[in-house]
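Peer 1: I need the structure of the sequence given here:
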Amino acid sequence: MLDASRPLTIAFVLASYTRDAPAGMERATAALARGLRQLGHRALIITASAPAEGITAEEDLIVLGSVGVDFPTEDNDLRNAISTHGQDRIIAKDLRRLYRRHRVDIAVYVDALWGLGRLAPTYEGVRSVLAMHVIGHDEDLRPALERADVVIAPSATVLAQAHDRGFDSAGWTVVPNALLAEHTPPDPEHRERLRHRGLVRVLARLGPEKNVHALLDAGQLVEHPIEIVLAAAGFEQHLGAQAAEYRRCDHSAARLFKGSIHGDGLPWDQVQPWLAEAAVIIVPSTKETFGLVALEAMSAGTPVITFDVGNLPTLVGTGEDAGGIVVPASHGEFGLWSAAELLLDDPVGYAALSRAAYYRSRDYMPTTVAHDFIKAVR
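Peer 2: Residues are numbered from 1 along each chain as shown. Now for the predicted structure:
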């Protein structure tokens, strides 16, 4: 047991971590690290991706050079890089050296593969935590689970998926993702102007499960202005997959009545302000183990339209205190557009959803989630 009454040093290991990366694992890691620092703990982030030239290094960011891959990369290339020719022993030795130098109390491996959880070296006095944002491949997950003292996941969805795959998730703990920053939502008058303007926005990583191109194909008759921002992450299914996905989305966006698409993503500190200025945010994902973009939109008072998949119904809500509209996936992408248009034509319902969205998001502040994390791992 850790003495959580004293300041702890927590090291997060995530090979693909870079500031402003358009991926939930990276942004959630940064948010939890911020919350822990606000509670008086020290949080390190160990990455294999060096900051771009001219970018100031983040607080307590450490680059682990022995991983030896260039990003973006795919699962097999990373797995081979860290497990062949004794490289796993070299990386484990480097991690132990870092833990000793920085007097680390807790090592958090953010994913079995990308967070190097499959290697997770033992070191006396260091508690090993596997943060399972998604259920990975068995060849990574099985050794990662054997090495972990504690397993956490951002939602009950992940626990259920693990159970369905034959893993015993009964002892795992849900620690939700946190908001990276607090954002003051627009006042009611400005929010009403946004509703009247009717601007629909979509923010997503370039992954097929984000389902953006299908949403755009179904929106060709929508008369509201539509803005889409996409970005490539440091990981992909296979090399070139993200570029191909962008081409599909770009082709679909060109046929929208009033549509624009941008492929450079947004810096983290611009995400919530951008979401705040939308009338609604559509999250068209067909898989979502948490739904960080939906949470960020709600924190800005912007209602969310999404499918009833993964953790999204729990996050957005489906009752009187819902922060958006959850559409049955069986209704397809046309159902998402229909829900958005009906909401924009309902000023009373829209105002209620906007208020509820903001208040639902308050449970995910960095210090709140950091408290949950400490209770789960001590």
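
Peer 1: give the contact list for A43.
Peer 2: A43 sits next to 9-12, 32-34, 36-37, 60 when contact means Cβ atoms under 8 Å, 6 or more residues apart in numbering. Where C-beta positions appear, they are placed from N, C-alpha and C, glycine not excepted.

Peer 1: In which helix or strand does the residue nearest to it when sequence neighbours are not counted reside?
Peer 2: Spatial nearest neighbour of A43, chain neighbours left out: A33 (3.7 Å); criterion: Cβ to Cβ, 6 or more residues apart in numbering. Using DSSP states H and E, A33 falls within helix 24-38.

Peer 1: Out of the contacts of A43, which is nearest to S169?
Peer 2: Within these, the smallest distance to S169 is 20.4 Å, found for L32 (Cβ to Cβ).

Peer 1: Quickly note the distance from the closest one to A340.
Peer 2: Applying Cβ to Cβ, to the nearest Å, the value for L32 to A340 is 32 Å.

Peer 1: What angle do helix 24-38 and the helix or strand just after the helix holding A33 make with each other?
Peer 2: As assigned by DSSP H and E, the chain's next helix or strand after helix 24-38 is strand 42-47. Between the axes of strand 42-47 and helix 24-38, defined by axes from the mean of the first three to the mean of the last three Cα atoms, to 10 degrees, the angle is 160 degrees.

Peer 1: So what are the sheet partners of strand 42-47 and their directions?
Peer 2: Strand 42-47 sits in its sheet next to strand 9-13 (parallel), strand 61-63 (parallel), going by DSSP bridges.

Peer 1: Would you enumerate the residues in contact with the closest residue to D363 other than its chain neighbours?
Peer 2: Leaving aside its sequence neighbours, D363 sits nearest to P176 (Cβ to Cβ, 6+ apart; 7.9 Å). By Cβ under 8 Å, 6+ apart, the contact set of P176 is 154-155, 290, 363-364, 369, 372.

Peer 1: on that earlier part again, how far off centre is the helix holding A33?
Peer 2: Between the centre of helix 24-38 and the centre of its host chain there is 11 Å, according to Cα atoms, centre = their mean, to the nearest Å.

Peer 1: where exactly do the helices run in this structure?
Peer 2: 24-38, 75-83, 87-102, 138-147, 156-164, 188-197, 212-218, 241-253, 268-276, 292-299, 312-316, 332-344, 347-361, 366-377 (DSSP state H).

Peer 1: what packs against the last one?
Peer 2: In this structure, helix 366-377 makes packing contacts with helix 24-38, strand 150-153, judged by 3 or more Cβ pairs under 8 Å, 6 or more residues apart in numbering; DSSP states H and E.

Peer 1: The shortest one pairs with which strands, parallel or anti?
Peer 2: Just to be clear, that refers to strand 150-153. Using DSSP bridges, the strands paired with strand 150-153 are strand 127-131 (parallel), strand 173-174 (parallel).

Peer 1: Could you list the low-confidence segments of the stretch 1-150 of the chain?
Peer 2: Within the stretch 1-150 of the chain, the segments meeting pLDDT under 70 span 1-4, 52-57.

Peer 1: how about a cut-off of 50?
Peer 2: The model of the stretch 1-150 of the chain has no residue with pLDDT under 50.

Peer 1: check contacts around P185.
Peer 2: 191, 276, 299-302, 354, 358.

Peer 1: What separation do you get for it and H196?
Peer 2: Relative to H196, and taking Cβ to Cβ, P185 is found at 17 Å.

Peer 1: so what's A214 up against?
Peer 2: Applying Cβ under 8 Å, 6+ apart, one finds that A214 lies in contact with 284, 333.

Peer 1: Check Q161 too.
Peer 2: Contacts here follow Cβ under 8 Å, 6+ apart; on that basis Q161 touches 135, 289.

Peer 1: ok, 10 Å please
Peer 2: By Cβ atoms under 10 Å, 6 or more residues apart in numbering, the residues touching Q161 are 132, 134-135, 153, 155, 167, 169, 287, 289, 310.

Peer 1: same deal with A81?
Peer 2: 15, 48, 66-70, 73, 87-88, 91.

Peer 1: do the same with A356
Peer 2: The contact partners of A356, taken as Cβ under 10 Å, 6+ apart, are 298, 301, 303, 316-317, 319-324.

Peer 1: Could you pick out the buried ones from these?
Peer 2: 298, 301, 303, 316-317, 322-324 (16 or more other Cβ atoms under 10 Å).

Peer 1: Among those, which are located in strands?
Peer 2: Residues of these located in strands (DSSP state E): G324.

Peer 1: any idea which of the buried ones among the contacts of A356 is closest to D346?
Peer 2: P303 (10.5 Å).

Peer 1: my guess is that closest one meets G317, correct?
Peer 2: No. Counting by Cβ atoms under 10 Å, P303 sits too far from G317 to count as a contact (11.0 Å).

Peer 1: ok, back up a step: pull the most distant pair out of the contacts of P185.
Peer 2: Most distant of the contacts of P185, by Cβ to Cβ, are R191 and S299, 13.7 Å apart.

Peer 1: Common neighbours of the two, please.
Peer 2: Shared contacts of R191 and S299, defined by Cβ under 10 Å, 6+ apart, comprise 185, 276, 358.

Peer 1: Would you mind giving the residues you listed as CSV with distance to G117 and pLDDT added?
Peer 2: Output for these, formatted as CSV (distance: Cβ to Cβ, whole Å; pLDDT from 0 to 100):
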residue, distance to G117, pLDDT
P185, 37, 94
A276, 35, 98
Y358, 35, 97
